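Participant: show me the folded form of this:
(one chain, ligands or ions: 1)
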Amino acid sequence: YSKHLLKGKKIVVSAGGTQEDIDPVRYISNRSSGKMGYSIARAAALEDADVTLVSCTHALPEPVGVHMIYVHDARELEKAVNAQYDDCDALVMAAAVSDYRPAVRAENKIKKEQHDHLNIELTENPDILYGLGQKKTHQFLVGFAAETRDVIEYGKAKLAKKNLNLLVANDVAQQGAGFNVSTNIAALIYKDGHIEQYPKMTKDDLGHIIIEKIVEGIN
Ligand code: PMT
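Facilitator: Now for the predicted structure:
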């Protein structure tokens with residue numbers, strides 16, 4: 001139930017996997033469903049926050065009382081979160097951002113008849129969270145780390161490099177964790193170095209825990 005802990009606070013959450021166009025009908029993406037980010041947005045709305053959810057997917061029901069912004073690729077996501085950043089109290093990057101995109105988006109559908117072999121050249125996308133960390137003033141900045149090994153070590157490194165207040169490290173190789181399931185297994189890594197390891201739980205429950213930590217961090 002709500003304790004109205006975020007009344008008057010603005011929280012921005014990103015969710016889902018970016019889609020990087022190859023041509024008008026094809027794209028490169030990843031297995032993110034958006035569930036984790038939507039759970040966090042719902043938990044924030046239950047605490048009466050002013051919530052903006054920047055979503056890379058249309059597949060999930062819109063959470064009640066949340067402002068929706070739909071985006072397609074990493075560069076659109078970057079624009080949208082940056083436009084919401086200056087006056088927000090906390091921002092959570094749960095979206096799975098493609099590190100690369102096709103160097104060119106073909107204007108027309110690529111035809112099989114024209115290629116025996118097809119190489120798609122990729123170029124690097126901006127690291128959105130790194131940019132947000134660089135220009136952080138008062139915001140409580142939360143990132144995720146999706147790893148398949150050395151989860152805590154990589155998590156600590158991402159927290160430092162991206163100048164975060166909190167990093168949620170999930171081992172996406174474990175059953176019932178990570179992409180496209182309704183549960184997750186996460187460790188919360190804080191700036192001061194302490195770590196809390198949580199057992200498998202629903203993404204809704206983990207969303208509430210993350211929101212609790214944000215409440216402690218911004219009040
Ligand atoms: O959507 P679900 O199916 O519920 O799955 C949830 C999830 C596994 C996608 C989620 O829990 C998660 O881990 N999200 C982050 C996925 C990711 O991109 O991880 P990363 O380790 O590659 O990136 C680290 C952080 O930097 C993330 O907060 C990411 O949003 C951000 N990032 C990454 C690359 C990039 N170019 N820009 C970024 O901002």
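Participant: any idea how far the ligand is from A59?
Facilitator: 10 Å (Cβ to the nearest ligand atom, to the nearest Å). Heads up, the C-betas are built off the backbone N, CA and C, glycines and all.
Participant: show me what contacts that residue?
Facilitator: 33-34 (Cβ atoms under 8 Å, 6 or more residues apart in numbering).
Participant: that one in helix, strand or coil?
Facilitator: Secondary structure, DSSP: H, G, I helix; E, B strand; the rest coil: A59 is coil.
Participant: around the ligand, which positions in this protein sit nearby?
Facilitator: 16, 32-36, 74, 93-97, 99, 125, 127-129, 143-146, 158, 170, 172, 178-180, 203 (Cβ under 6 Å from any ligand atom).
Participant: surely V71 meets L77?
Facilitator: Yes - between V71 and L77 there is a contact under Cβ atoms under 8 Å: 4.7 Å.
Participant: common neighbours of these two, please.
Facilitator: 18, 54, 56.
Participant: what sits against the spatially most central residue of the chain?
Facilitator: Centroid-nearest residue in the chain: A94, 1.9 Å away (criterion: Cα atoms, centre = their mean). With contact taken as Cβ under 8 Å, 6+ apart, A94 is in contact with 13-15, 36-37, 40, 144, 168.
Participant: now those in JSON lines, with secondary structure?
Facilitator: Below are the contacts of A94 laid out as JSON lines (three-state DSSP):
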{"residue": "V13", "secondary structure": "strand"}
{"residue": "S14", "secondary structure": "strand"}
{"residue": "A15", "secondary structure": "strand"}
{"residue": "M36", "secondary structure": "helix"}
{"residue": "G37", "secondary structure": "helix"}
{"residue": "I40", "secondary structure": "helix"}
{"residue": "F144", "secondary structure": "strand"}
{"residue": "V168", "secondary structure": "strand"}
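Participant: pick the one among those residues closest to H208.
Facilitator: Checking the contacts of A94 against H208 by Cβ to Cβ gives I40 as the nearest, at 8.8 Å.
Participant: filter the shared contacts of V71 and L77 down to just the ones in strands.
Facilitator: Under the assignment DSSP state E, the shared contacts of V71 and L77 contribute V54 to strands.
Participant: what is the nearest of the shared contacts of V71 and L77 to Q114?
Facilitator: For the shared contacts of V71 and L77, the nearest to Q114 is T18 (27.4 Å; Cβ to Cβ).
Participant: hang on, isn't the closest one packed against A95?
Facilitator: Yes - contact criterion Cβ under 8 Å: T18 and A95 qualify, at 6.8 Å.
Participant: which neighbours do these two share?
Facilitator: With Cβ under 8 Å, 6+ apart, T18 and A95 have common neighbours 56, 77.
Participant: now the residue nearest to the centre of the chain: phi and psi?
Facilitator: Backbone torsions for A94, taken as degrees, to the nearest 10, come to phi -90, psi -10.
Participant: apart from its chain neighbours, what residue comes closest to it?
Facilitator: G37 (3.6 Å; Cβ to Cβ, 6 or more residues apart in numbering).
Participant: quick revisit: looking at V71 and L77 now, which is surrounded by more residues?
Facilitator: Looking at V71 and L77 with other Cβ atoms under 10 Å, you find the greater number of neighbours at L77, namely 25 against 21.
Participant: Three-state assignment for the residue of the chain positioned farthest from its centre, please.
Facilitator: Most distant residue from the mean C-alpha position of the chain: E113, 38.4 Å away (Cα atoms, centre = their mean). For E113, the secondary-structure state derived from three-state DSSP is helix.
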